[in-house]
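Undergrad: Take this sequence and fold it.
(2 chains)
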Amino acid sequence: VSCSMAGEEDLFLEEKRFKQYCEDFVKHSQQIGDGWEWRTSKDLGDGYLSKTHFQVRNRHIPPDLKEKNNDNTEQMLFAHIEEPLDDSQAAGVCSTEEVVRYEYHVLYSSSYQVPVLYFRACFLDGRPLTLDEIWGSVHASYQDRLQEGPWDTITQQEHPILGQPFFVLHPCRTNEFISAVLRGSQEHHRRTNYIILWLSTVGPVVGLNLPLSYAKLAPEQSTDADL
Amino acid sequence: MTDDKDVLRDVWFGRIPTCFTLYQDEITEREAEPYYLLLPRISYLTLVTDKVKKHFQKVMRQEEVSEIWFEYEGTPLKWHYPIGLLFDLHASNIALPWSITVHFKNFPEKDLLHCHSKDVIEAHFMACIKEADALKHKSQVINEMQKKDHKQLWMGLQNDKFEQFWAINRKLMEYPPEDNGFRYIPFRIYQATTERPFIQKLFRPIASGGQLHTLGDLLKDVCPSAITPEDGEQKTQVMIHGIEPMLETPIQWLSEHMSYPDNFLHISIIPRPTD
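TA: Residues are numbered from 1 along each chain as shown, chains lettered A, B, ... in the order given. Alright, predicted model coming up:
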């Protein structure tokens, strides 16, 4: 990550860095069989991270949200990876199972100079899930976090490369929380993969889990001394 | 010689005569007459077609009506693109009026965003304005504005109030005196033939030597296939708001005067008609 100016400025992610972090990320994903791949667009050569997975869901009513979590941001960043992500336990409700196909894409926004998470889900017959239906499979504590987190909204938007509707976690406040954590890791001379840090934070809110082994990703052998 | 401000008015008040026809497979209780409307180029389909919806719903049964959507010659029209862009991209060289087909069933989930309320249009419009200001001013100008200023931009668009809109928008068109333009130009280039919906990249309006970059410079950098090959004839047109600006036009000037209300230059590359 390069600093645009010394000290207080937000740490922006340049596109080349983004691609490098994604490359390292995909390598690790391949080692552990986590299913991420890099897709390059044929015309302009830009690209994005992509993961598709299938999940068996119960048809059920989402549980009532319990009282708000008091976790602060730091806990959220480091503790959540261990929480299992499964369908909420709605005791006693009759359910039928069905298979849902989830797709997650990580694209680079040159306007905001941050990564952006796009996602969508559909049943096997092609019928897309609404945002409410997707929420039904997200762990209750993360539904709370959506209100508190450093993101403004989730909206439906056109995928800038595929041209199809996806849900998007709005990126304009990404830098606030990423900068705080990255500065901390820099002070301890720890190299951090921006993508892992960012995705491990925003992913669980939309049903995407990163196995803990990503945290052990070997720091990049970087020759440029911009830390 | 026309004042630059006149260009702002010409852009704002551009209209496209349109004929809306109900899709033949929609189930009606009596025959549906077509509905004619002058559409504002700078607005969005779902913002200006309440009367169209009401007109056709009068001849349909309530249970046959779900979310309205529009199509031109088999292509679903993206309501989140400005109307003028849709016309330039899909129908610019046809005989007027523009014939749009209206649907109330079988919403094309893979092609179109949902638009359940005006709030969705407002959120989309404001998101575009914010992104444009991130490019022009690192978001400083838009973030310094109060919520009521943001609201005024939206209300100006919704109610077709040029003065009300530009009272606020002029601030988004300013830049520090020591600079000669914006940091980057907010633009998107569209071609109906590509899977990619548009091209958008970082592009500075001023070259390192201080010269103003032109529309031609932008195209050469970002979409070189749009520029005439030196030998052949020009197979494409570069269109903004229904006209072909000269390629020598400074992109900074275009950004200030021919952006849509969302502060983006939406540029269409279309096949040149061979009449």
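Undergrad: quick one: the helices in the chain?
TA: By default, I'm working from chain A. Along chain A, counting by DSSP state H, helices occupy A:15-32, A:73-79, A:131-135, A:140-148, A:174-187, A:194-202.
Undergrad: Chain B is the one I meant
TA: Here chain B has its helices, by DSSP H, at B:4-12, B:45-48, B:50-57, B:83-91, B:118-137, B:140-144, B:147-158, B:162-172, B:215-222, B:251-257.
Undergrad: Format those as TSV; extra columns: distance to residue A:133.
TA: Heads up, the C-betas are built off the backbone N, CA and C, glycines and all. What follows is the helices of chain B, written out as TSV (distance: least, Cβ to Cβ, whole Å):
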stretch	distance to residue A:133
helix B:4-12	41
helix B:45-48	23
helix B:50-57	27
helix B:83-91	30
helix B:118-137	18
helix B:140-144	33
helix B:147-158	30
helix B:162-172	38
helix B:215-222	38
helix B:251-257	41
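Undergrad: Please list the residues of chain A that sit near chain B.
TA: Residues of chain A lying close to chain B by Cβ under 8 Å from any Cβ of the partner chain are A:41, A:43-44, A:110-112, A:127-128, A:153, A:155-165, A:170, A:172.
Undergrad: Quick one: buried ones out of those residues?
TA: The neighbour-count test (16 or more other Cβ atoms under 10 Å in any protein chain shown) marks A:110-112, A:128, A:155-162, A:164-165, A:170, A:172 as buried among the residues of chain A next to chain B.
Undergrad: Most widely separated two among those?
TA: Taking Cβ to Cβ as the measure, these span a maximum distance of 27.8 Å, between A:110 and A:128.
Undergrad: Of all the residues in stretch A:196-212, which ones are buried?
TA: Here stretch A:196-212 shows A:196-210 as buried, counting by 16+ other Cβ under 10 Å.
Undergrad: closest to residue A:54 among those residues?
TA: Of all those, residue A:54 sits closest to residue A:207, with 12.4 Å by Cβ to Cβ.
Undergrad: I'd like to know how many residues surround the residue in chain B that chain A sits nearest to.
TA: Of all residues in chain B, residue B:197 sits closest to chain A, at 3.8 Å by Cβ to the nearest Cβ. Around residue B:197 there are 19 other residues, counting by other Cβ atoms under 10 Å in any protein chain shown.
Undergrad: Same question for residue B:198.
TA: By other Cβ under 10 Å, neighbour count at residue B:198 equals 21.
Undergrad: ditto for residue A:117
TA: Residues near residue A:117, counting by other Cβ under 10 Å: 25.
Undergrad: got it, and residue B:246?
TA: Neighbour count for residue B:246, taken as other Cβ under 10 Å: 10.
Undergrad: Please apply the same query to residue B:80.
TA: Number of residues near residue B:80 (other Cβ under 10 Å) recorded here: 21.
Undergrad: Looks like it contacts residue B:44 (just checking).
TA: Yes. The criterion here is Cβ atoms under 8 Å, and residue B:80 meets it with residue B:44 at 6.8 Å.
Undergrad: Quickly list what's touching both of the two.
TA: Common neighbours of residue B:80 and residue B:44, using Cβ atoms under 8 Å, 6 or more residues apart in numbering or on different chains, are B:121, B:124.
Undergrad: By mean pLDDT, point me to the weakest helix or strand of chain A.
TA: One helix or strand of chain A scores below all others by mean pLDDT, DSSP states H and E: helix A:73-79, with a mean of 30.
Undergrad: Low-confidence stretches in the chain?
TA: Unless you meant another one, I'm taking chain A. Residue ranges of chain A with pLDDT under 70: A:1-11, A:58-96, A:137-153, A:171-176, A:185-191, A:217-227.
Undergrad: Actually, chain B is the one I wanted.
TA: For chain B (pLDDT under 70), the answer is B:1-2, B:228-232, B:275.
Undergrad: tell me which parts of it are close to chain A?
TA: Counting by Cβ under 8 Å from any Cβ, chain B sits next to chain A at B:78, B:80, B:109-114, B:123-124, B:127, B:130-131, B:134-135, B:139, B:186, B:194-202.
Undergrad: Mark which of those residues are buried, thanks.
TA: B:78, B:80, B:111-114, B:123-124, B:127, B:130-131, B:134-135, B:139, B:186, B:196-201.
Undergrad: Now do residue B:161: how many residues are near it, please.
TA: By the criterion of other Cβ under 10 Å, residue B:161 has 14 neighbours.
Undergrad: dump the residue contacts of it.
TA: Per Cβ under 8 Å, 6+ apart, neighbours of residue B:161: residue B:155.
Undergrad: what sits against residue A:100?
TA: Going by Cβ under 8 Å, 6+ apart, residue A:100 touches A:54, A:55, A:56, A:57, A:121, A:122, A:123, A:129, A:137.
Undergrad: Which strand residues bridge it?
TA: When bridges are called by DSSP bridges, residue A:100 pairs up with residue A:55, residue A:123.
Undergrad: wait, isn't residue B:152 in contact with residue B:168?
TA: Yes. Using Cβ under 8 Å, residue B:152 is in contact with residue B:168, at 5.0 Å.
Undergrad: farthest residue from the center of chain B?
TA: Distance from the C-alpha centroid of chain B peaks at residue B:29, with 35.6 Å (Cα atoms, centre = their mean).
Undergrad: Which residue, other than its chain neighbours, is closest to it?
TA: Counting by Cβ to Cβ, 6 or more residues apart in numbering or on different chains, residue B:29 lies nearest to residue B:59, which is 5.8 Å off, once chain neighbours are set aside.
Undergrad: Settle this for me: that neighbour is touching residue B:26, isn't it.
TA: No. With contact defined as Cβ under 8 Å, residue B:59 and residue B:26 do not form a contacting pair (9.1 Å).
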